[in-house]
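Q: sequence? don't have it. structure:
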């Protein structure tokens, strides 16, 4: 019997399931739509993985246990292989359920949560990552929280990863009121369970019932309920829903350990590919002020613009638009990357308060295209890089299937940012659902602090996929009706310790969503 020792915690967001509403109603609001979840995961270990999933309903400490590989082959997942499970097929989970899950494995795993709606008008697959046990923290940061602001509302979940009840205190900071603390509320969460915070519910937020609009940030801190003093660990993730369109995005909260005085953003766009990018930068300190500056570089590594400095008070956020740096640079048709720095003053080079950042890409204000009309993505800024990244959700639909009438088919693109001061090489290897290498690994050369791009088509994996039972002209979709594929990004042998980060953009025809490539051992 194998011992289960490598823990991966995944926040499964299945809230706001409104089964009884007519489609003509909920198709107009992503927040009110019926959402479903599947989890795509990849074995990044060296041997076959045995996997168990425990689901916990919101407010419940009683698990629903599920073996996603039961009855499939020998019941294990091969090294390098990927698979998925749909929680609607799990016995004991009813319609309307919401909660969280914990996956346990005897091999290292990475996982991406895929949230989707079958309601009319929805094209998107919302993406966010599961959390490694090391991501759990006594303080979590939600860099942006909205209530009926920009036609969007946020719902986020706090997952207790302790084996005992905790008290989770949430502080909301109002960006439209000088960043002032707007409310503080505490929720008791049972062991291993979760609490969903709906920004439209005063009982969840502690905001006055008269509050009809909010634009700010949130900080979650936790202690054991038994004594109210001992720090307790949580993870958190969020959904940002349009209230007037079938469009939404998912993103992870960030632990205090991922706050830093330097944050890297792997993609920055202005009027390019029909998209603009925006950053929500949050001060992670409860006491210290941050002064931030954003430095943009093109794909050749050249500094193009500097935006800032901007003052951000404790817990507060600052919104940044790539198209509008305050140095006056014309950013039209820009594609590149960015680095955000925090200083302790409006001048000087001394590092300041630690910060976190969330990036969003959405249809361009001045250069929209029909294929980006519903594009709305969210990705995380990173404080540091790694030398190996696993991307468990990679797809490529052929021209026949990449059309709005077939919203389930996608194309994924990878943006890789070099965090080194010298040019580096990285190798991108595409894997089928069984862990086989598809085609020849692609080698990219990336200038300092800049980004490179990869996708299954440019890497030749689409053409090679036919030998592994994939549909002609596709990657990750199979002739037997199955699906699943991933990619591994590694530092090239010429620079084996080079550090980088990656974002994967999954495009449907007319919509898109992002997830950060998680580190791999």
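A: Perfect, I can see it now. Computed from a predicted structure; not experimentally measured.

Q: Next, count neighbours for the spatially closest residue to residue 57 that is not a sequence neighbour.
A: Sequence neighbours aside, residue 99 is the residue nearest to residue 57 in space, at 4.2 Å (criterion: C-beta to C-beta, 6 or more residues apart in numbering). (Glycine included, C-beta is placed from N, CA and C.) By the criterion of other C-beta atoms under 10 Å, residue 99 has 25 neighbours.

Q: Test my guess that residue 99 contacts residue 61.
A: No. The criterion here is C-beta atoms under 8 Å, and residue 99 misses it with residue 61 at 11.0 Å.

Q: intersection of neighbour lists for the two?
A: residue 193 (C-beta atoms under 8 Å, 6 or more residues apart in numbering).

Q: how about the helices in the stretch 151-300 of the chain?
A: 202-205 (DSSP state H, counting those that start in this stretch).

Q: which stretches of it have low pLDDT?
A: Nowhere does the stretch 151-300 of the chain drop to pLDDT under 70.

Q: all strands for it, in order.
A: Ranges of strands in the stretch 151-300 of the chain, per DSSP state E, counting those that start in this stretch, are 152-160, 166-174, 180-189, 194-198, 214-224, 234-242, 248-252, 254-255, 262-270, 275-283, 290-298.

Q: okay, these, which one's buried deepest?
A: Greatest average neighbour count among these goes to strand 248-252 (a mean of 28), per mean count of other C-beta atoms under 10 Å.

Q: want to try a markdown table for the strands of the stretch 151-300 of the chain, with distance to residue 134 as columns?
A: Below are these laid out as a markdown table (distance: least, C-beta to C-beta, whole Å):
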| stretch | distance to residue 134 |
| --- | --- |
| strand 152-160 | 15 |
| strand 166-174 | 18 |
| strand 180-189 | 20 |
| strand 194-198 | 19 |
| strand 214-224 | 16 |
| strand 234-242 | 11 |
| strand 248-252 | 14 |
| strand 254-255 | 9 |
| strand 262-270 | 19 |
| strand 275-283 | 21 |
| strand 290-298 | 25 |
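
Q: any weak-confidence spans in this structure?
A: 1-27.

Q: how is it carved up into domains?
A: Per automatic domain parsing, the domain ranges recorded for the chain read 6-255, 259-379, 385-516.

Q: Let's test this: what are the backbone torsions at residue 468?
A: Torsion angles at residue 468 (phi, psi; degrees, to the nearest 10) stand at phi -110, psi 20.

Q: Report how many residues lie close to the residue lying closest to residue 407 once chain neighbours are set aside.
A: Closest residue in space to residue 407, ignoring its immediate chain neighbours: residue 123 at 4.3 Å, by C-beta to C-beta, 6+ apart. Residue neighbour count, defined by other C-beta under 10 Å, stands at 22 for residue 123.

Q: what's near enough to touch residue 123?
A: 246, 374, 404, 407, 508, 509, 510, 511.

Q: likewise residue 220?
A: Residue 220 neighbours (C-beta under 8 Å, 6+ apart): 139, 140, 141, 142, 158, 168, 169, 170, 171, 234, 236, 253.

Q: Among these, which one lies nearest to residue 263?
A: When the contacts of residue 220 are ranked by distance to residue 263 (C-beta to C-beta), residue 141 comes first, at 11.9 Å.

Q: Contacts only, for residue 194.
A: 11, 56, 58, 59, 99, 100, 157, 158, 159, 160.

Q: residues in contact with the spatially closest residue to residue 449 that is not a sequence neighbour?
A: Spatial nearest neighbour of residue 449, excluding adjacent residues (C-beta to C-beta, 6+ apart): residue 297 at 5.4 Å. The contact partners of residue 297, by C-beta under 8 Å, 6+ apart, come to 303, 304, 336, 337, 338, 339, 449, 450.

Q: mind running it again at 10 Å?
A: 268, 303-305, 336-339, 417-418, 447-451 (C-beta atoms under 10 Å, 6 or more residues apart in numbering).

Q: repeat for residue 31
A: 15-16, 18, 148, 152-155, 198-200, 239-244, 248.

Q: Also residue 296?
A: 265, 268, 270, 277, 302-307, 322, 325, 327, 329, 331, 334, 336-339 are the contacts of residue 296 under C-beta under 10 Å, 6+ apart.

Q: likewise residue 428?
A: So residue 428 contacts 389, 391, 394, 414, 416, 441-444, 452-456, 458-459, 461, 487-490, 502 (C-beta under 10 Å, 6+ apart).
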